[in-house]
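Colleague: Predicted model follows, preceded by the sequence.
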Amino acid sequence: MAVLLVAYILAEYAAPRKLDWRPNYDPAKDSPYGLMIAADLISTAFPGAEVVQSGSALYDLLLVDSLPRPMNLILISDELRIDNFDSEMLLDLADSGSSVFLAAEDFSGLLADSLKLSTAVSLFGTFLDPDLERKYGPSIQGDTVATDAAANSEDGELPRYEARFTNAALSGRSFATRGRAASWYLSSVDSSAATQLGTVTIDEDVYTNFVRIPFGDGQFLVTTMPLAFTNYALVDSASAGWAFAALSHLPVEYTVLNYNYIPGRGQRSTTPLRYILSQDALRWAWFTMLGSVLLFIVFRAKRRQRIIPTLVPNQNATLQFVDTVGRLYFQRGNHLNLASKKINHFQEYVRSKLGIDARTLDTATVARIAARSGIAVEEIEKLARSVQNAAAAKSFSADDLQRLSKRIDAFYRDSRR
């Protein structure tokens, strides 16, 4: 088993790594749809200006007073769903004179409403056979992947996409691409304010995919070709120039590449809880459930609290012991032995309480006991006779023991000490 386990580990280690074809737009990843090459490209596209990367939300990033203004801010993702707080910060940034470069296939929220942006996709922009897309990934260039996918189209060939710029210095060049890279376009934009910077030709139809929108003292540069900035697009020399040319529309200033809004971060709900909190009905249901559970815990804890025990006063265990031993002797009929113990206790009591040696109960001792206890001499004489008779007796009945006990107990009760 150990040999098989080691062999399996070695085989897995030596096996070729499967490419991750999911668009992630992460500047730190070298996967086909990461932005590692684009991050290096951006760092050289603005000579003399500092270029940094940031994963912070715009609200946190733009609150930093040390950021120079004006500046360039670049956001690249498959869709930009920016919340209202971040959208307001973004609009304020452009209004103060900065340039914001947005590359996404879909825009929504306050930002899209303020810039009057909406996008659409060409029906020919994706594979017609989903099995091929799962196997090869979305097609960008006219390579073998596009050739394989062409067999699924009606005419046996995917449409050719040609991206162009309206800038006079770039208008003579076209960047050929196929498939999803240029399949999205701006279906509507405020034509009175926006300036067309780039187009894409799909068969014989021309669509706008790159515009400049002035805003206050600054501007927004918006394109629907975020895939043109991915590693898979930039390794091909035929289309790599489009991304560099698009970035050249930005001024040479302090530049921030923000990746907070890429898939799996920022505005995306990646967990069930985030999705629940993004929906009003589910959010209220969630908080109602939490409140109900909290109330249940509070009231249940009050009903189930520990009962306070009743504290029983301490009892004289010595008296209980004496009582128990006395009952034992009496039940066994050993009256003489019990009488002897009572006499011993009586003598000890007289010695400790009255200071008189009562082992010999002669006339003088009786008189002293009567004087110190406050009991009549006649009663002490009766007690003395009972004690002497018990001490000299060979047997002792229950009646004799009862008479002796009564006289001793009466002595304890009536004694002044």
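Modeller: Cool, the structure landed.
Colleague: how's this structure carved up into domains?
Modeller: For the chain, the structural domains run 2-268, 317-414, going by automatic domain parsing.
Colleague: Format the ones you listed as CSV; extra columns: distance to Trp284.
Modeller: C-betas here are computed from N, CA, C, even on glycine. CSV is the format used below for the domains of the chain (distance: least, C-beta to C-beta, whole Å):
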stretch, distance to Trp284
domain 2-268, 19
domain 317-414, 65
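Colleague: Go through those domains and pick out the most buried.
Modeller: For those, the largest average neighbour count (mean count of other C-beta atoms under 10 Å) is found in domain 2-268, namely a mean of 18.
Colleague: Averaged pLDDT, it. What do you get?
Modeller: The average pLDDT within domain 2-268 is 80.
Colleague: same check, this time on stretch 337-348
Modeller: Here stretch 337-348 scores 84 as its mean pLDDT.
Colleague: what do you get for stretch 290-308?
Modeller: 79.
Colleague: Export it to PDB, keeping only CA atoms.
Modeller: The C-alpha trace of stretch 290-308 is given here as PDB (Å, rounded to 0.1, in the frame of the first residue of the first chain):
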ATOM      1  CA  LEU A 290     -31.500  35.200  13.900                       C
ATOM      2  CA  GLY A 291     -33.700  37.400  16.100                       C
ATOM      3  CA  SER A 292     -36.000  34.600  16.800                       C
ATOM      4  CA  VAL A 293     -33.200  32.300  17.800                       C
ATOM      5  CA  LEU A 294     -31.700  35.000  20.000                       C
ATOM      6  CA  LEU A 295     -35.000  35.500  21.800                       C
ATOM      7  CA  PHE A 296     -35.500  31.700  22.200                       C
ATOM      8  CA  ILE A 297     -32.000  31.400  23.800                       C
ATOM      9  CA  VAL A 298     -32.600  34.300  26.200                       C
ATOM     10  CA  PHE A 299     -36.000  33.200  27.400                       C
ATOM     11  CA  ARG A 300     -35.100  29.500  27.400                       C
ATOM     12  CA  ALA A 301     -32.000  30.300  29.500                       C
ATOM     13  CA  LYS A 302     -34.200  32.100  32.100                       C
ATOM     14  CA  ARG A 303     -36.600  29.200  32.400                       C
ATOM     15  CA  ARG A 304     -33.900  26.600  32.700                       C
ATOM     16  CA  GLN A 305     -31.600  28.400  35.200                       C
ATOM     17  CA  ARG A 306     -30.200  26.300  38.000                       C
ATOM     18  CA  ILE A 307     -32.400  26.000  41.100                       C
ATOM     19  CA  ILE A 308     -30.900  27.600  44.200                       C
END
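Colleague: Give me the distance between the residue lying closest to Gly218 once chain neighbours are set aside and Tyr259.
Modeller: Distances taken as C-beta to C-beta, 6 or more residues apart in numbering place Ala94 nearest to Gly218, at 3.9 Å, with adjacent residues excluded. Using C-beta to C-beta, to the nearest Å, Ala94 is found at 20 Å from Tyr259.
Colleague: try Thr310
Modeller: The value you get for Thr310 to Tyr259, if C-beta to C-beta is used, is 68 Å.
Colleague: again with Val366
Modeller: With distances taken as C-beta to C-beta, Val366 is found 113 Å from Tyr259.
Colleague: Assign a three-state SS to Ile408, would you?
Modeller: Assigned with DSSP: H, G, I helix; E, B strand; the rest coil, Ile408 falls in the helix class.
Colleague: element containing the residue nearest to it when sequence neighbours are not counted?
Modeller: Leaving aside its sequence neighbours, Ile408 sits nearest to Phe346 (C-beta to C-beta, 6+ apart; 5.2 Å). Assigned by DSSP states H and E, Phe346 belongs to helix 335-349.
Colleague: Phe220 too?
Modeller: Secondary structure assigned from DSSP H and E places Phe220 in strand 218-223.
Colleague: partner strands of that strand, parallel or antiparallel?
Modeller: strand 99-103 (parallel), strand 205-215 (antiparallel) (DSSP bridges).
Colleague: With distance to Ile74 as extra columns, can I get these in a markdown table?
Modeller: As requested, these are exported to a markdown table (distance: least, C-beta to C-beta, whole Å):
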| stretch | distance to Ile74 |
| --- | --- |
| strand 99-103 | 4 |
| strand 205-215 | 14 |
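Colleague: Indicate which one of those is closest to Ser87.
Modeller: Across the strands paired with strand 218-223, Ser87 has its closest neighbour in strand 99-103 (11.0 Å, C-beta to C-beta).
Colleague: So in that sheet, which strands flank the very next helix or strand once past the closest one, and in what orientation?
Modeller: Following strand 99-103 in sequence order, the next helix or strand is strand 106-108 (DSSP H and E). Sheet pairing for strand 106-108, assigned by DSSP bridges, gives strand 79-81 (parallel).
Colleague: what helix or strand is Ser292 on?
Modeller: helix 280-303.
Colleague: What is that helix packed up against?
Modeller: The contact analysis (3 or more C-beta pairs under 8 Å, 6 or more residues apart in numbering; DSSP states H and E) places helix 280-303 against helix 272-278.
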